[in-house]
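1. have a look at this fold, sequence not included:
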């Protein structure tokens with residue numbers, strides 16, 4: 001998955017949180033690219049949680065992967081300052097209120113850890129009552145206000161229906 005290939009994680013065996021892993025396509029890429037020591041999958045859909053459980057039985061049995069139904073604005077089972085990277089593709093639109101989610105990202109990330117959102121330009125054309133966060137500049141302002149001073153939208157990647165923009169921020173050291 002292209003979005004995972006763009007992640008830069010310094011830790012040798014990182015701890016990763018994936019918000020909204022869905023069927024696990026990016027999760028597989030995270031395992032393949034990073035050999036993480038721990039991955040938390042935060043998925044509100046029961047159907048997707050079941051698919052993740054079926055797709056990653058060894059990782060779950062080994063204690064490297066866990067699947068959680070909690071809302072990502074309250075991840076009290078993840079210790080403060082313990083996460084190297086947060087990855088959320090096609091999820092930012094639904095995180096309402098966005099600052100509450102960013103506060104939790106700040107809490108769980110290690111200093112220098114990154115939050116990585118993948119957003120699709122086409123989301124701007126969808127129902128704004130469902131797709132709440134589609135103003136990337138406003139999202140960046142909120143990220144900076146939440147303690148990600150270097151938050152930036154990177155260059156659009158891929159084309160057509162697969163096009164996306166990485167929105168990335170690093171927790172201050």
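-> Structure's in. What do you need? These numbers come from a predicted model, not from an experiment.
2. what about residue 119, neighbour count?
-> 24 (other CB atoms under 10 Å). C-beta coordinates here come from the backbone N, C-alpha and C atoms, glycine included.
3. so the residue nearest to it when sequence neighbours are not counted: helix, strand or coil?
-> Using CB to CB, 6 or more residues apart in numbering and skipping residues adjacent in sequence, the residue nearest residue 119 is residue 165, 5.1 Å away. The three-state label given to residue 165 by DSSP: H, G, I helix; E, B strand; the rest coil is strand.
4. now residue 115
-> strand.
5. look up which residues are beta-bridged to it.
-> Beta-bridge pairing of residue 115 under DSSP bridges involves residue 86, residue 169.
6. now do the contacts for the residue located most distally from the centre of the chain.
-> Seen from the C-alpha centroid of the chain, the residue lying at the greatest distance (CA atoms, centre = their mean) is residue 61, 23.0 Å away. Neighbouring residues of residue 61 by CB atoms under 8 Å, 6 or more residues apart in numbering: there are none.
7. how close does it sit to residue 77?
-> 19 Å (CB to CB, to the nearest Å).
8. do residue 53 as well
-> 17 Å.
9. neighbour count winner among these two?
-> residue 53 (15 against 10).
10. beyond the strand or helix carrying the more buried one, next helix or strand please.
-> If you go by DSSP states H and E, residue 53 is part of helix 46-55. The element immediately downstream of helix 46-55 (helix or strand, assigned by DSSP H and E) is helix 57-61.
11. which parts of that next one are buried?
-> 59, 60 (16 or more other CB atoms under 10 Å).
12. repeat for stretch 85-99
-> Under 16+ other CB under 10 Å, the buried positions of stretch 85-99 are 85, 86, 87, 88, 89, 90, 91, 92, 93, 94, 95, 98.
13. quick check, nearest of the residues you listed to residue 37?
-> residue 85 (12.1 Å; CB to CB).
14. show me what contacts residue 142?
-> Contacts of residue 142 (CB under 8 Å, 6+ apart): 98, 99, 102.
15. quick check: it is in a helix.
-> Yes. Under three-state DSSP, residue 142 falls within a helix.
16. please report how far it lies from residue 16.
-> When residue 142 is compared with residue 16 (using CB to CB), they lie 22 Å apart.
17. before we move on, what about residue 58?
-> The separation that residue 58 has from residue 16, given CB to CB, amounts to 17 Å.
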